[in-house]
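**Q** Sequence and predicted structure below; questions after.
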Amino acid sequence: MSETQENQDSPPLFTALTTSSRQILTLLKCIGFQSKAQLQISADGLRVTVEDSHAMQGHAFIDKNLFNTYTFHPPPHLTEHLEEDEDPVVQFGISLTALLECLQIFGGGDAGGGGKWRGGGGRAGGGGDGWSGGTAGVSAFDHGILRIAGTCRFLYEEGAPLCLTLEEPPITTTCELTAYTPAPLPDIPLSPTLTRKIILKSSLLHDAITELSSSSALLPSSSSLLVIFTSPTPPHFTLSSTSPLGTTTVQFSNDGDLLETFMVGERAKDVYRFDLVRHARVAMAVATKVSVRSDEAGVLSLQFMVEWEGRASFVDFRFL
């Protein structure tokens, strides 16, 4: 058998089918503040990554269970030199803007900002570290909210464009997204040794960031800073926006009604660019919970839990 015929007979590297692309669309909109992204395909699902200013990254984890069918056949050259505990992955760059536009062809509505998403109560390489307990409220993926008919098929062959075929009878639309070799983008690491770990309702963080944003709305984006202060004694959890115009502060007490988990060993203060933290506002609006973690190097992780039919998906932001 010739090499050409073998290639023709081999299965595609990646195929997937979903009958409700809105779940995927909502997760991707959480990181839609950048036009380009890196897409990583593995046996567990998809990981889509964006970055800004080499100081923050956003990762959307799309578990394979969000698809009706999901197959991944890594080419032999990816598996032959792997260590025993390594899993094969395929990674390439895509236009995130184009991907979002494709997924919205047969349906719309704002998945990211409005009040209808507020109040919502696996890992494709990033499931919930330290999450526990149940959740309540309206899911961002509730079928009473999301009514987009049709199917969406994903197809990727090595060296070819990423192909999406959307069908809503009698209309079929095919989108081909150029896959390119991205610049190296190492993950921002979060040390297991944490200085703080706080879990609270995402809507509370959304309200706090919105309030702090109003005090610096007229300032250049890079001139406003977000200060995070935590202490085992009151005030336990404080967010402050500092700018040339002054300081605005929001405080949370270690109350079971506000903070589901509060693990702080000693006083800690960290400062981040507020304009970068604001990139996470869409995730704050659609998520049920958020886990706020920091390590001794000052790396901040905001990990958001977004529920659908009893299953949790995660969007994780890292800040330097």
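**A** Arrived safely, thanks for sending.

**Q** okay, CA-based contacts and neighbour counts for the rest of this
**A** Noted.

**Q** mind listing the strands in the stretch 1-150 of the chain by residue range?
**A** 14-18, 36-42, 45-52, 56-63, 69-72, 90-95 (DSSP state E, counting those that start in this stretch).

**Q** what comes into contact with the third one?
**A** Residues from elsewhere that reach strand 45-52, judged by Cα atoms under 8 Å, 6 or more residues apart in numbering: 28, 31, 34, 36-41, 57-65, 123-125, 276.

**Q** Just the mean pLDDT for it, thanks.
**A** Averaged across strand 45-52, pLDDT comes to 97.

**Q** tilt between it and strand 90-95?
**A** 50 degrees (axes from the mean of the first three to the mean of the last three Cα atoms, to 10 degrees).

**Q** Tell me which of the strands of the stretch 1-150 of the chain sits nearest to Pro161.
**A** strand 90-95 (9.1 Å; Cα to Cα).

**Q** and this structure, what are its domains?
**A** 14-80+87-108+150-180, 196-319 (the TED database).

**Q** Let me have those in TSV, adding distance to Pro189 and mean neighbour count as columns.
**A** Formatted as TSV, the domains of the chain follow (distance: least, Cα to Cα, whole Å; neighbours: other Cα atoms under 10 Å):
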stretch	distance to Pro189	mean neighbour count
domain 14-80+87-108+150-180	11	18
domain 196-319	8	19
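
**Q** Poorly predicted segments of the stretch 151-300 of the chain, please.
**A** 215-223, 243 (pLDDT under 70).

**Q** all helices for it, in order.
**A** Under the criterion DSSP state H, counting those that start in this stretch, the stretch 151-300 of the chain contains helices at 202-214, 274-277, 281-286.

**Q** can you check the stretch 1-150 of the chain too?
**A** 3-9, 22-29, 76-79, 96-103.

**Q** neighbouring contacts of the shortest one?
**A** What it means is helix 76-79. Contacts of helix 76-79 (Cα under 8 Å, 6+ apart): 88-89.

**Q** Could you say which one of the strands of the stretch 1-150 of the chain comes nearest to Met263?
**A** strand 56-63 (23.7 Å).

**Q** just the strands in the stretch 201-320 of the chain please.
**A** 225-230, 237-243, 246-252, 259-264, 268-273, 289-295, 300-308, 311-319.

**Q** Tell me the strands beside the last one, with direction?
**A** It stands for strand 311-319. Strand pairing for strand 311-319, determined by DSSP bridges: strand 56-63 (antiparallel), strand 300-308 (antiparallel).

**Q** for it, the distance to its chain's centre please.
**A** Its chain's average C-alpha position is 5 Å from that of strand 311-319, according to Cα atoms, centre = their mean, to the nearest Å.

**Q** pLDDT on it, on average?
**A** Confidence for strand 311-319, expressed as mean pLDDT, is 94.

**Q** Show me the contact partners of that strand.
**A** By Cα under 8 Å, 6+ apart, strand 311-319 touches 27, 30, 55-63, 122-123, 126-128, 188, 272, 276-277, 280, 283, 299-307.

**Q** Please tell me how far Ile188 sits from Phe262.
**A** Here the criterion is Cα to Cα, to the nearest Å. By it, Ile188 lies 24 Å from Phe262.
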